[in-house]
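J.: test case, fold it:
(one chain, ligands or ions: 1)
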Amino acid sequence: MEKYELVKDLGAGNFGVARLLRHKETRELVAMKDIERGLKVVLTPTHLAIVMEYTAGGELFERICSADLQ
Ligand SMILES: Nc1ncnc2c1ncn2[C@@H]1O[C@H](COP(=O)(O)OP(=O)(O)OP(=O)(O)O)[C@@H](O)[C@H]1O
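T.: As a prediction, the model looks like this:
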(Lines give C-alpha, C1' and ligand atoms only; values in the text may rest on other atoms or scores of the structure.)
Protein backbone atom coordinates (compact mmCIF):
# COMPACT_ATOMS: atom_id res chain seq x y z
CA MET A 1 0.00 0.00 0.00
CA GLU A 2 2.86 2.41 0.70
CA LYS A 3 3.70 2.24 -3.01
CA TYR A 4 0.51 4.16 -3.81
CA GLU A 5 -0.80 7.64 -3.03
CA LEU A 6 -4.47 8.55 -2.84
CA VAL A 7 -5.81 10.69 -5.68
CA LYS A 8 -9.51 10.65 -4.80
CA ASP A 9 -12.39 8.51 -3.62
CA LEU A 10 -14.34 6.95 -6.51
CA GLY A 11 -17.42 5.74 -4.68
CA ALA A 12 -18.91 3.12 -2.41
CA GLY A 13 -20.67 -0.15 -3.20
CA ASN A 14 -22.27 -2.95 -1.25
CA PHE A 15 -18.98 -4.52 -0.20
CA GLY A 16 -16.67 -1.55 0.34
CA VAL A 17 -15.22 1.63 -1.12
CA ALA A 18 -13.29 2.25 -4.34
CA ARG A 19 -10.45 4.78 -4.53
CA LEU A 20 -8.29 6.16 -7.32
CA LEU A 21 -4.60 5.70 -6.46
CA ARG A 22 -1.34 6.58 -8.23
CA HIS A 23 1.78 4.39 -8.12
CA LYS A 24 4.49 6.65 -6.68
CA GLU A 25 7.24 5.44 -9.02
CA THR A 26 5.49 4.59 -12.29
CA ARG A 27 2.72 7.25 -11.87
CA GLU A 28 0.25 4.63 -13.11
CA LEU A 29 -3.34 5.29 -12.03
CA VAL A 30 -5.25 2.34 -10.58
CA ALA A 31 -8.61 1.78 -8.95
CA MET A 32 -8.47 -0.07 -5.65
CA LYS A 33 -11.38 -1.48 -3.68
CA ASP A 34 -11.24 -1.77 0.10
CA ILE A 35 -13.53 -4.61 1.13
CA GLU A 36 -14.33 -5.02 4.79
CA ARG A 37 -13.26 -8.52 5.71
CA GLY A 38 -15.77 -8.99 8.52
CA LEU A 39 -17.01 -12.55 8.80
CA LYS A 40 -17.84 -12.95 5.11
CA VAL A 41 -14.35 -12.98 3.61
CA VAL A 42 -12.17 -16.09 3.55
CA LEU A 43 -8.46 -15.84 2.74
CA THR A 44 -6.66 -18.85 1.30
CA PRO A 45 -2.97 -18.96 0.28
CA THR A 46 -4.00 -18.05 -3.28
CA HIS A 47 -7.49 -16.56 -3.16
CA LEU A 48 -9.75 -14.09 -1.43
CA ALA A 49 -13.26 -15.59 -1.27
CA ILE A 50 -16.44 -13.67 -0.44
CA VAL A 51 -19.31 -15.52 1.23
CA MET A 52 -22.65 -14.05 0.16
CA GLU A 53 -26.35 -14.77 0.11
CA TYR A 54 -27.31 -17.47 -2.44
CA THR A 55 -29.80 -16.24 -5.01
CA ALA A 56 -31.53 -19.02 -6.94
CA GLY A 57 -33.28 -18.46 -10.26
CA GLY A 58 -30.55 -18.24 -12.87
CA GLU A 59 -28.79 -15.36 -14.54
CA LEU A 60 -30.16 -11.81 -14.19
CA PHE A 61 -29.05 -11.05 -17.78
CA GLU A 62 -31.22 -13.89 -19.16
CA ARG A 63 -34.22 -12.70 -17.15
CA ILE A 64 -33.84 -9.16 -18.52
CA CYS A 65 -33.58 -10.48 -22.11
CA SER A 66 -36.60 -12.80 -21.81
CA ALA A 67 -38.66 -9.98 -20.23
CA ASP A 68 -37.68 -7.78 -23.18
CA LEU A 69 -39.18 -10.29 -25.68
CA GLN A 70 -42.58 -10.47 -23.95
N1 LIG B 1 -12.22 0.28 -11.65
C2 LIG B 1 -12.94 1.40 -11.42
N3 LIG B 1 -12.70 2.51 -12.13
C4 LIG B 1 -13.39 3.65 -11.92
N5 LIG B 1 -14.37 3.76 -11.01
C6 LIG B 1 -14.67 2.68 -10.27
C7 LIG B 1 -13.97 1.43 -10.43
N8 LIG B 1 -14.48 0.54 -9.56
C9 LIG B 1 -15.44 1.18 -8.90
N10 LIG B 1 -15.58 2.47 -9.32
C11 LIG B 1 -16.51 3.48 -8.80
O12 LIG B 1 -16.72 3.22 -7.43
C13 LIG B 1 -18.09 2.95 -7.18
C14 LIG B 1 -18.19 1.81 -6.17
O15 LIG B 1 -17.72 0.63 -6.78
P16 LIG B 1 -17.96 -0.80 -6.18
O17 LIG B 1 -17.39 -1.77 -7.15
O18 LIG B 1 -17.46 -0.83 -4.78
O19 LIG B 1 -19.52 -0.97 -6.09
P20 LIG B 1 -20.62 -1.09 -7.23
O21 LIG B 1 -20.08 -1.83 -8.41
O22 LIG B 1 -21.17 0.28 -7.49
O23 LIG B 1 -21.74 -1.94 -6.52
P24 LIG B 1 -21.65 -3.41 -5.90
O25 LIG B 1 -21.03 -3.28 -4.55
O26 LIG B 1 -23.05 -3.85 -5.84
O27 LIG B 1 -20.80 -4.25 -6.84
C28 LIG B 1 -18.70 2.61 -8.53
O29 LIG B 1 -20.05 2.96 -8.61
C30 LIG B 1 -17.86 3.43 -9.49
O31 LIG B 1 -18.38 4.77 -9.53
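
J.: now do the strands in the protein.
T.: Applying DSSP state E to the chain gives strands spanning 4-12, 16-23, 29-35, 41-43, 48-50.

J.: can I get these in a markdown table with mean neighbour count?
T.: Placement of C-beta: from N, CA and C, glycine included. Below are the strands of the chain laid out as a markdown table (neighbours: other Cβ atoms under 10 Å):
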| stretch | mean neighbour count |
| --- | --- |
| strand 4-12 | 11 |
| strand 16-23 | 15 |
| strand 29-35 | 12 |
| strand 41-43 | 11 |
| strand 48-50 | 10 |
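
J.: make a markdown table out of the ones you listed and add mean pLDDT.
T.: Output for the strands of the chain, formatted as a markdown table (pLDDT from 0 to 100):
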| stretch | mean pLDDT |
| --- | --- |
| strand 4-12 | 96 |
| strand 16-23 | 94 |
| strand 29-35 | 92 |
| strand 41-43 | 86 |
| strand 48-50 | 84 |
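
J.: out of those strands, nearest to S66?
T.: strand 48-50 (28.1 Å; Cβ to Cβ).

J.: sheet partners, orientation included, of that closest one?
T.: Counting by DSSP bridges, the strands paired with strand 48-50 are strand 41-43 (antiparallel).

J.: check whether the partner strand comes near the ligand.
T.: No: using Cβ under 6 Å from any ligand atom, strand 41-43 stays clear of the ligand, with a minimum separation of 13.8 Å.

J.: flag every residue of this protein that's near the ligand.
T.: By Cβ under 6 Å from any ligand atom, the residues of the chain that approach the ligand are L10, G11, A12, G13, N14, F15, G16, A18, A31, K33.

J.: and the residues you listed, which two are the farthest apart?
T.: Using Cβ to Cβ, the pair of the residues of the chain next to the ligand lying farthest apart is N14 and A31, separated by 16.3 Å.

J.: next one: G58 from C65, what distance?
T.: Here G58 is placed at a distance of 11 Å from C65 (Cβ to Cβ, to the nearest Å).
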